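Student: test case, fold it:
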Amino acid sequence: MTCIVGFVDKNGRVFMGGDSAGVGGLDIRIRSDVKVFRNGEMLIGYTSSFRMGQLLRFKLKIPEQGKHISDYEYMCTLFIDAVRKCLNENGYSKIMNNEETVGTFLVGYKNKIYRIATDLQVGSTFDNYDSCGCGESYALGSIFAQKELHKISGETKVKNALKCAENFSAGVRSPFTILSI
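Tutor: Sure thing, here's the model as predicted:
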């Protein structure tokens, strides 16, 4: 289920959008609870589990970065430590064969998009965009095709990517939520 799209424009503004599909097997419901939200200075968009998203939105306390730590190191350490604590304390994380797993989500923070994978690794690409969920490939292709179109706003690029994913993926449905920081 889901398509989350993050995009950073040439001015460093982060746009993030997500769909409204809740999918279980062959059943689909359009949910009113959003998959993209702001928590402190971050935009977060999730796939995998609505429960994980609820915890990240309402229970996760974003730690302060501090002056002497890079953004990437902060994301890999203090931020992930807070995510692990939040998800563990609220019964979401799964531990099997000594390996902890969670869901996948994107974080927009300080002019960058970070992808948090199921093993809690922090990914960051050279591109100024990323996506996750079952509509990911369609959204990435759409953003790639639009990247030379400078007159199109970041919000419109994200919306177009979500529309593309909805058109081709059975697990992506509007309405779309698009936020920016």
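Student: neighbours of N98, how many?
Tutor: When neighbours are defined as other C-beta atoms under 10 Å, N98 has 5 of them. (C-beta placed from N, C-alpha, C; glycine too.)
Student: before we move on, what about D27?
Tutor: 7.
Student: also the one 10 residues further on?
Tutor: Taking other C-beta under 10 Å as the neighbour definition, F37 ends up with a count of 20.
Student: distance check, the residue nearest to it when sequence neighbours are not counted against V34.
Tutor: Residue nearest to F37 in three dimensions, not counting chain neighbours: R57, with 4.9 Å by C-beta to C-beta, 6 or more residues apart in numbering. As for R57, its distance to V34 is 8 Å (criterion: C-beta to C-beta, to the nearest Å).
Student: repeat that for T156.
Tutor: According to C-beta to C-beta, T156 and V34 sit 19 Å apart.
Student: so which residue is smack in the middle of this structure?
Tutor: To find the centre residue of the chain, average its C-alpha atoms and take the closest one (C-alpha atoms, centre = their mean): that gives L106, at 2.5 Å.
Student: return the residue of this protein that is most distant from the centre.
Tutor: Largest separation from the mean C-alpha position in the chain: N97, at 26.9 Å (C-alpha atoms, centre = their mean).
Student: quick one: contacts for the closest residue in space to I30 that isn't next to it in sequence?
Tutor: Nearest in space to I30, with sequence neighbours left out and distances taken as C-beta to C-beta, 6+ apart, is S20 at 5.0 Å. Contact partners of S20, counting by C-beta atoms under 8 Å, 6 or more residues apart in numbering, are 30-32, 34-35, 173-177.
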